[in-house]
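Enquirer: here is a sequence together with a model predicted from it:
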Protein chains: 2
Amino acid sequence: MDKRPIGIFDSGVGGLTVAKEVMNLLPNETIVYLGDTANLPYGEKSAEIIRHYSVDNTEFLLKHDIKMLVVACNTASSVALEHLKSLYTIPIVGVIEPAVKGAIFATRNKKIGVIGTNRTIKSNVYAEMLAKLEPEGEIHSRSCPLFVPLIEEFFVEHDATRLIAAEYLKEFKEQGADTLILGCTHYPLIKEIIAEILPGVKLVDSAFSTARDIHSLLDTHKMLALSPKDGKPKHRFFATDLTPKLNELAKYIIGSGIDFEEISVK
Amino acid sequence: MDKRPIGIFDSGVGGLTVAKEVMNLLPNETIVYLGDTANLPYGEKSAEIIRHYSVDNTEFLLKHDIKMLVVACNTASSVALEHLKSLYTIPIVGVIEPAVKGAIFATRNKKIGVIGTNRTIKSNVYAEMLAKLEPEGEIHSRSCPLFVPLIEEFFVEHDATRLIAAEYLKEFKEQGADTLILGCTHYPLIKEIIAEILPGVKLVDSAFSTARDIHSLLDTHKMLALSPKDGKPKHRFFATDLTPKLNELAKYIIGSGIDFEEISVK
């Protein structure tokens, strides 16, 4: 048993979809969350700079005595996970492998689609992971760079988002995928629009799959907090840049009030 | 006469609309351009961090022996221009004052609209500048945070952009503005869509107005390069993060090939 907190980072608020699933599945665990909002969005940046930000984020979370690290950002998981694992000894979980496992479990025809940011899709990490875990699987990928800004602007039920989504997603109809991986922790927030455009396709949400992986990893290592530290878990939420929209968005995702604390980026 | 280059910075490629007008109006001048793409977009970030980035950008350009600095980003002009002027002795030009002067010149009913990023609009700098230069003017402002990502994604002639623009701009019809300031150096690229939604409204482009201000400032200080340095001006373009889209977008804006060089952010 280990009552130290779980550290989670993302480029912004998208990783809160993972934090929420962890709270649901593991209510005794304490979370320390870092949104690197000063440097978002990661999705359109170079791999090198994302690795650099990821190390900074991890160093910050380690100061909060975390027992494990969750890279709750598909872009950072795509290009920085192995680098982080080579540098640190605590258990580290990304969002790619859990999502691919979820998709393999869900698919019947082994045709799987994946959507994500430019950087995630260009990294080819989903195709590589699928080839490793299910050699007979066929993957089709598409970057959807406008989804993150649309979601951050609360255009989650807007016709413009429908038009953009229809354009981004039409190629999956041709491919005949029966399963689509939402390869960005923001995307669960527009799940309904995606489901309208691709009826009958199973949508795999990396947030839920990742929470399950966190549970099994902590369980294996006998590191679960079987009872909360000091009564109720006191989660903390940090951001490298505190914008007015941040708490509003966080409330929308988590479903209750959150107070982000700002940390300096220097 | 002064053949040293003009330094221009922006958060990304938007400032190239200013660079292009400078090339047109002042063909003998050499430009050193810096797009701080590792930290874009500035528009949704805090004032403090934008000032910090602006100082870093200026320090880099000063190493290239610039004779003047152009802050070709409305967000940085809104929140960092006075800070930069207090730190450096070279002439510094922003994009706010030229645009407001252009709008005062264009308007007949003195009702002026302005659109920009969240940070620019919240800074209230356009309203303050107008109150100073034309006390009888009436200003109405609106932030349009999705325009920059849409433009960076080349959705410059797309129906989704039309829908989003129609929603953002409808309030200007009610206000009866006869002039609209495009308060972001990206916006000239969707000028046609904006003109469709607001027919008859004069659109004031800060890029052109700023180039005119640069000319008159250099002229006043006897700092114009009356002939180019070493024959034809050899412009240089730097970015803090070199993404594949960068040169493509730059070509779209400038109209000919550009090779961005990457600089380290550390």
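Expert: Perfect, thanks for sending it.
Enquirer: what does the stretch 101-250 of chain A put close to chain B?
Expert: A:118, A:145-146, A:149-150, A:152-153, A:155, A:158-161, A:163-164, A:167, A:241-243, A:245 (CB under 8 Å from any CB of the partner chain). (Each C-beta comes from the backbone N, C-alpha and C, glycine too.)
Enquirer: try it again with 6 Å
Expert: Applying CB under 6 Å from any CB of the partner chain, we find that the stretch 101-250 of chain A lies next to chain B at A:Pro145, A:Leu146, A:Pro149, A:Glu153, A:Asp159, A:Ala160, A:Leu163, A:Ile164, A:Asp241.
Enquirer: where does pLDDT dip in the stretch 51-200 of chain A?
Expert: Counting by pLDDT under 70, not a single residue of the stretch 51-200 of chain A qualifies.
Enquirer: now do the strands in it.
Expert: Counting by DSSP state E, counting those that start in this stretch, residue ranges of the strands within the stretch 51-200 of chain A are A:68-71, A:92-93, A:111-116, A:138-143, A:179-182.
Enquirer: now the fourth one against strand A:111-116, angle please.
Expert: Translated: strand A:138-143. With axes from the mean of the first three to the mean of the last three CA atoms, to 10 degrees as the basis, strand A:138-143 and strand A:111-116 are set at 20 degrees to each other.
Enquirer: go ahead and confirm A:Leu249 touches A:Gly14.
Expert: No - applying CB atoms under 6 Å, one finds A:Leu249 not in contact with A:Gly14, separated by 9.5 Å.
Enquirer: who's more crowded, these two?
Expert: Shown here are A:Leu249 and A:Gly14; by other CB atoms under 10 Å in any protein chain shown, A:Gly14 has more neighbours (31 against 23).
Enquirer: partner residues bridging the closest residue to A:Asn124 other than its chain neighbours?
Expert: Excluding its sequence neighbours, the residue lying closest to A:Asn124 (CB to CB, 6 or more residues apart in numbering or on different chains) is A:Ser141, at 7.8 Å. Beta bridges link A:Ser141 to A:Val114, judged by DSSP bridges.
Enquirer: to what extent is A:Ser141 buried, counted in neighbours?
Expert: Neighbour tally, A:Ser141, other CB under 10 Å: 20.
Enquirer: repeat that for A:Glu192.
Expert: Neighbour number of A:Glu192 under other CB under 10 Å is 11.
Enquirer: also A:His83?
Expert: A:His83 has 17 neighbours, counted by other CB under 10 Å.
Enquirer: cool, A:Met23 as well?
Expert: For A:Met23, using other CB under 10 Å, the count is 17.
Enquirer: quick one: pLDDT of the closest residue to it other than its chain neighbours?
Expert: Distances taken as CB to CB, 6+ apart place A:Ile31 nearest to A:Met23, at 7.1 Å, with adjacent residues excluded. If you check A:Ile31, the pLDDT there is 96.
Enquirer: before we move on, back to that, how near is the residue nearest to A:Asn124 to A:Ser78?
Expert: 11 Å (CB to CB, to the nearest Å).
Enquirer: helices along chain A, start to end?
Expert: Along chain A, counting by DSSP state H, helices occupy A:16-25, A:47-62, A:74-87, A:96-106, A:118-123, A:125-133, A:147-152, A:159-175, A:191-197, A:206-220, A:244-254.
Enquirer: need the winner for burial among the ones you listed.
Expert: Among the helices of chain A, helix A:147-152 has the highest mean neighbour count (mean count of other CB atoms under 10 Å in any protein chain shown), at a mean of 24.
Enquirer: show residues contacting that one.
Expert: Helix A:147-152 has contacts (CB atoms under 6 Å, 6 or more residues apart in numbering or on different chains) with A:Pro41, A:Thr161, A:His186, A:Leu189, B:Leu146, B:Pro149.
Enquirer: in JSON lines: those residues, plus distance to A:Ala103.
Expert: Below are those laid out as JSON lines (distance: CB to CB, whole Å):
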{"residue": "A:Pro41", "distance to A:Ala103": "24"}
{"residue": "A:Thr161", "distance to A:Ala103": "24"}
{"residue": "A:His186", "distance to A:Ala103": "18"}
{"residue": "A:Leu189", "distance to A:Ala103": "19"}
{"residue": "B:Leu146", "distance to A:Ala103": "30"}
{"residue": "B:Pro149", "distance to A:Ala103": "28"}
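Enquirer: show me which of those residues is closest to B:Lys63.
Expert: Set against B:Lys63, the nearest of those by CB to CB is A:Pro41 (28.7 Å).
Enquirer: ok, the closest residue to A:Thr107 other than its chain neighbours to A:Ile139 distance?
Expert: Leaving out its chain neighbours, the residue that sits closest to A:Thr107 by CB to CB, 6+ apart is A:Thr179, at 4.2 Å. From A:Thr179 across to A:Ile139, the span is 10 Å (CB to CB).
Enquirer: my guess is A:Gly116 contacts A:Cys184. True?
Expert: Yes - counting by CB under 6 Å, A:Gly116 touches A:Cys184, with 5.0 Å between them.
Enquirer: quickly list what's touching both of the two.
Expert: A:Asn74.
Enquirer: which parts of chain A belong to which domain?
Expert: When chain A is parsed with automatic domain parsing, its domains come out as A:6-94+A:208-262, A:96-206.
Enquirer: could I get the ones you listed as TSV with distance to B:Val204?
Expert: Listed next are those as TSV, based on distance: least, CB to CB, whole Å:
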stretch	distance to B:Val204
domain A:6-94+A:208-262	28
domain A:96-206	25
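Enquirer: of all those domains, which one comes closest to B:Leu130?
Expert: domain A:6-94+A:208-262 (24.1 Å).
Enquirer: A:Thr185: neighbour count?
Expert: Count around A:Thr185 with other CB under 10 Å applied: 29.
Enquirer: confidence score at the closest residue in space to it that isn't next to it in sequence?
Expert: Once flanking residues are discounted, A:Thr185 sits nearest to A:Gly14: 3.7 Å by CB to CB, 6+ apart. A:Gly14 is assigned a predicted lDDT (pLDDT) of 89.
Enquirer: look up how far B:Lys232 lies from A:Gly14.
Expert: 47 Å.
Enquirer: can you pull the contacts of the residue nearest to A:Thr210 when sequence neighbours are not counted?
Expert: Spatially, and ignoring its direct neighbours in sequence, A:Thr210 is nearest to A:Pro98 (4.4 Å; CB to CB, 6+ apart). Each residue near A:Pro98 by CB under 6 Å, 6+ apart is listed here: A:Ser209, A:Thr210, A:Asp213.
Enquirer: swap in A:Tyr168?
Expert: Counting by CB under 6 Å, 6+ apart, A:Tyr168 has contacts A:Cys144.
Enquirer: same question, A:Phe238
Expert: For A:Phe238, the contacting residues are A:Leu34, A:Glu261, A:Ile263, by CB under 6 Å, 6+ apart.
Enquirer: mind listing the residues bridging to the second one?
Expert: A:Glu261 has these beta-bridge partners by DSSP bridges: A:Phe238.
Enquirer: per-residue confidence for it?
Expert: 93.
Enquirer: for it, grab the count of nearby residues.
Expert: Applying other CB under 10 Å, we find 9 other residues in the vicinity of A:Glu261.
Enquirer: and if you look at the last one?
Expert: When neighbours are counted by other CB under 10 Å, A:Ile263 registers 14.
Enquirer: ditto for A:Glu136
Expert: 8.
Enquirer: which non-adjacent residue is nearest it?
Expert: Excluding the flanking residues, the one nearest A:Glu136 by CB to CB, 6+ apart is A:Lys110, at 5.5 Å.
Enquirer: swap in A:Leu163?
Expert: B:Ala160 (4.2 Å).
Enquirer: out of the contacts of A:Phe238, the closest to A:Leu25 would be?
Expert: A:Leu34 (20.5 Å).
Enquirer: I'd say that closest one and A:Thr58 touch.
Expert: No - if you go by CB under 6 Å, A:Leu34 and A:Thr58 don't touch, sitting 9.1 Å apart.
Enquirer: OK, contacts around A:Val13?
Expert: Going by CB under 6 Å, 6+ apart, A:Val13 touches A:Gly35, A:Leu249, A:Ala250.
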